[in-house]
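# Here's my sequence, what's the structure:
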Amino acid sequence: MNKYFKADIGKRIQDIRQKKNMTQEEFSEKAGIMNAQQVSNIERGVSGISLERFAEICKVLDAFADYLLFGQSFKN
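Numbering: from 1, shown residues only. The predicted model follows:
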């Protein structure tokens with residue numbers, strides 16, 4: 001995965017997490033991410049995430065996958 005793509009996804013995750021007033025620590029616990037440092041790495045695009053973890057992040061943030069991936073939601 002391209003590092004810029006990871007950074008874009010991470011930024012959108014961070015934006016939604018912050019709008020929900022969730023700390024990195026709270027988010028890590030709810031999403032099953034190892035710790036707050038790993039959340040920071042994901043949000044900065046340093047670390048990627050598995051599809052399973054991505055699905056859990058979508059649930060925790062109540063966010064559409066297409067928005068996190070592409071910055072917009074698509075209609076069928």
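# Going by residue numbers, what spans are helices in this structure?
Along the chain, the segments classed as helices by DSSP state H run 3-19, 24-31, 36-43, 51-61, 65-70.
# any low-confidence regions in this structure?
1, 75-76 (pLDDT under 70).
# can you do 90?
The model of the chain has pLDDT under 90 over residues 1-5, 73-76.
# If you tally nearby residues, what's the number for residue 19?
Number of residues near residue 19 (other Cβ atoms under 10 Å) recorded here: 9. All C-beta atoms are positioned from the backbone trio N, CA, C, and that covers glycine.
# and if you look at the one 5 residues further on?
The burial metric for residue 24, expressed as a neighbour count using other Cβ under 10 Å, is 19.
# Geometric centre of this structure: which residue is closest?
Nearest residue to the geometric centre of the chain (Cα atoms, centre = their mean): residue 13, 3.5 Å.
# if I look at the residue lying closest to that residue once chain neighbours are set aside, how far off is residue 74?
Excluding its sequence neighbours, the residue lying closest to residue 13 (Cβ to Cβ, 6 or more residues apart in numbering) is residue 43, at 5.8 Å. Distance from residue 43 to residue 74, counting by Cβ to Cβ, to the nearest Å: 24 Å.
# just residue 66 next, same as before
5 Å.
# More neighbours: these two, which one.
Taking other Cβ under 10 Å, residue 66 and residue 74 do not tie; residue 66 has more neighbours (13 against 8).
# show me the residues around the more buried one that make contact.
72-74 (Cβ atoms under 8 Å, 6 or more residues apart in numbering).
# can you redo those as a markdown table with distance to residue 57?
Putting these into a markdown table (distance: Cβ to Cβ, whole Å) gives the following:
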| residue | distance to residue 57 |
| --- | --- |
| 72 | 18 |
| 73 | 16 |
| 74 | 19 |
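# Tell me the one among these nearest to residue 53.
Taking Cβ to Cβ as the measure, residue 53 sits nearest to residue 73 out of these, at 20.7 Å.
# Share the number of residues neighbouring the closest one, please.
11.
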